[in-house]
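Colleague: Mind looking at a prediction? Sequence and model below.
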Amino acid sequence: MERSLRALLAALLSLAALSAQELRDPLIGRVLDPDGAPVTGAVVEVWRAGGRGTALLDLDYRNDFRRIAVARADADGRFAAHVPVGLPCRVVVDHAPFARYLREDCLPSDDMTIRLQAPGVLQVAAVLPDGRGVP
């Protein structure tokens, strides 16, 4: 009797462990500079919102992003991360001296190419009511 209870308990625990596992897909690719050379050490962050990719009216849930993976590019600019299967992700690379890279609604792919760009500078002049310009 005690042996069968132990076997039943072990079976239930293993079933619970299997159902708690999450399916994952690889997100791999390269980080390149504007000239096509690999960027070493760039940190690739993958964010996911629980309600992203659905037609929810709850905008707080739809835009509630959480970081689910972080990968660092190697000497060849290659990176790899395992992300949960299902809803689309946001991929962010913020590596100086390049502009911040942001890609929305990204699904895991076989080979993603992230081409960083040079940062931009915006200069404006505000015009006051008397007609003078202020930089």
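Modeller: Structure received.

Colleague: Next one: the residue lying closest to L107 once chain neighbours are set aside from V121, what distance?
Modeller: Nearest non-adjacent residue to L107, counting by Cβ to Cβ, 6 or more residues apart in numbering: P88, 5.8 Å away. (Each C-beta comes from the backbone N, C-alpha and C, glycine too.) Computed as Cβ to Cβ, to the nearest Å, the P88 to V121 distance reads 32 Å.

Colleague: ok, those two, which is more surrounded?
Modeller: The neighbour comparison of P88 against V121 (other Cβ atoms under 10 Å) goes to P88, with 15 against 5.

Colleague: Verify the stated contact: the more buried one with D105.
Modeller: Yes - the pair P88 and D105 passes the contact test of Cβ atoms under 8 Å, sitting 4.1 Å apart.

Colleague: Given whichever strand or helix holds R67, what are its sheet partners and their directions?
Modeller: Using DSSP states H and E, R67 maps to strand 65-72. Applying DSSP bridges, strand 65-72 is found paired with strand 43-49 (antiparallel).

Colleague: before we move on, back to that, what lies in contact with the strand holding R67?
Modeller: Residues outside strand 65-72 that contact it (Cβ atoms under 8 Å, 6 or more residues apart in numbering) are 27, 41-50, 79-84, 89-90.

Colleague: quick one, strands of the protein?
Modeller: Along the chain, counting by DSSP state E, strands occupy 24-32, 43-49, 65-72, 78-84, 89-93, 101-106, 112-115, 126-127, 133-134.

Colleague: would you turn these into a markdown table with mean pLDDT and mean neighbour count?
Modeller: Shown next, in a markdown table, are the strands of the chain (pLDDT from 0 to 100; neighbours: other Cβ atoms under 10 Å):
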| stretch | mean pLDDT | mean neighbour count |
| --- | --- | --- |
| strand 24-32 | 88 | 18 |
| strand 43-49 | 88 | 19 |
| strand 65-72 | 88 | 14 |
| strand 78-84 | 88 | 18 |
| strand 89-93 | 90 | 21 |
| strand 101-106 | 87 | 14 |
| strand 112-115 | 92 | 16 |
| strand 126-127 | 81 | 8 |
| strand 133-134 | 70 | 8 |
